[in-house]
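Colleague: fold the following for me, if possible:
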Amino acid sequence: MKRKAWLIGSGTALVAMLVVAAKPAWTAQRHADSGLVLKVNRERKVLVVSAQEIPGYMDAMIMPLPVRDPKQLIGLRPGVMVDFTLVVTAGASYAENIRVGHFESLQTDPLNACRLTMMDKVLAQSPSSKTALAIGQHVPDFSLSDQTGRSVSLSQFAGKVVALDFVYTRCPLPNFCFRLSNNLGRLQRRFSKEMGRDLILLTVTLDPEHDRPEELTQYASIWKANPASWHFLTGSTPEIKKVTRMFGVDYWQDMGMMTHSLHTVVIDRNGYLVANIEGNQFTARQLGDYVETILNRAPKPSGSETAEISVLPSQDSTRLKR
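Modeller: Numbering: from 1, shown residues only. Presented below is the predicted three-dimensional model:
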């Protein structure tokens, strides 16, 4: 009887051990990702980002990410690129190791690298960097001429969201001016119903001596831009400098090429600067996700405070030779 009881007990224990062994222990998965911040909810400790694809795991998508350490949210604002680690456990997912993304030149030529270093030092003391509008400030009115030769003023788009970038038509590198313009082209297609009614696109040339209305018309045709809702703007050199200084855009001629910083600006329906995204590491989809959050925001009564949105910190600003 004792031997039988021992065998039964041993068999039960063995079965229990096999069941435990057969049940896989969940190991937390960690995936490196990046995204454009759309919203920050510090009270609930949630960060909403337009995240990049994680190959083999998930498609690019808008994700609400819980953040366990509230200190990770310090300094984060909508309109900035962040790198983070997506942690997935058996019962939850969250973000950790959140960092504001740094845009770095991928150029490997030593001479170009040296010039970029010198350029950063000069731009740190530039008038544009010091006089640029802060996020939340009202954008002063300005007037330039578009590709049709008509005068266009920012004030005429009151009540509409404005997305604006800075390029020059002779830029030879596809990842810079062309990419920024292509981003707006994608906005034009994504928000075709809102174009003109709720959303206006502005592209300001950095080379007004060359980029007159005729050249801008040809450049605009690449994206089948509707001149009623996407204006490619030029003017005198002082007029262009006035606008570039508002948004911290620096540029000059260097050995036959234009050297300049990359900026994509979003202005809300009330005329306030809500994003000044530097660099070109964000995607057109991410820019569209961000613009959609601004389009869906109801206009605020005159004199009310703007939402909590910011530009990339100045120490992370993008400076590239085009």
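
Colleague: where along the stretch 51-200 of the chain do the helices fall?
Modeller: According to DSSP state H, counting those that start in this stretch, the stretch 51-200 of the chain carries its helices in the segments 110-124, 127-131, 177-190.

Colleague: how far away is Met195 from Arg189?
Modeller: The spacing between Met195 and Arg189, counted by C-beta to C-beta, to the nearest Å, is 9 Å. Glycine gets a C-beta too; all of them are placed from N, C-alpha and C.

Colleague: more neighbours, these two?
Modeller: Here Met195 and Arg189 are compared on neighbour count by other C-beta atoms under 10 Å; more neighbours surround Met195, at 20 against 12.

Colleague: the more buried one and Asn226 touch, don't they?
Modeller: Yes. Under the criterion of C-beta atoms under 8 Å, Met195 makes contact with Asn226 at 6.6 Å.

Colleague: give me the common contacts of the two.
Modeller: Shared contacts of Met195 and Asn226, defined by C-beta atoms under 8 Å, 6 or more residues apart in numbering, are found at Gln188.

Colleague: Ala51: neighbour count?
Modeller: 24.

Colleague: what pairs with it across the strands?
Modeller: With DSSP bridges as the criterion, the beta-bridge partners of Ala51 are Gly35, Met61.

Colleague: can you list the residue ranges for strands in the stretch 201-322 of the chain?
Modeller: Secondary structure of the stretch 201-322 of the chain, counting by DSSP state E, counting those that start in this stretch: strands at 230-233, 251-254, 257-260, 263-267, 273-278, 320-321.

Colleague: setting aside sequence neighbours, what's the nearest residue to Arg99?
Modeller: Spatially, and ignoring its direct neighbours in sequence, Arg99 is nearest to Asp83 (5.0 Å; C-beta to C-beta, 6 or more residues apart in numbering).

Colleague: same check on Ala60?
Modeller: If you skip the residues right next to it in sequence, Ala60 has Glu53 as its closest partner in space, 4.4 Å away by C-beta to C-beta, 6+ apart.

Colleague: same question, Lys39
Modeller: Of all residues beyond its chain neighbours, the one nearest Lys39 is Val48 (4.0 Å), with distances taken as C-beta to C-beta, 6+ apart.

Colleague: hmm, who's touching the helix or strand encompassing the one you found?
Modeller: Using DSSP states H and E, Val48 sits in strand 46-51. Under the contact criterion C-beta under 8 Å, 6+ apart, strand 46-51 has outside partners 33-41, 60-67, 73, 76, 82, 84, 86, 95, 98, 285-286, 289-290.

Colleague: return the alpha-carbon coordinates of it using PDB.
Modeller: The C-alpha trace of strand 46-51 is given here as PDB (Å, rounded to 0.1, in the frame of the first residue of the first chain):
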ATOM      1  CA  VAL A  46       0.600  58.200 -21.900                       C
ATOM      2  CA  LEU A  47       2.500  59.200 -25.000                       C
ATOM      3  CA  VAL A  48       0.800  59.100 -28.400                       C
ATOM      4  CA  VAL A  49       3.200  58.700 -31.300                       C
ATOM      5  CA  SER A  50       3.000  58.100 -35.000                       C
ATOM      6  CA  ALA A  51       5.500  55.100 -34.900                       C
END
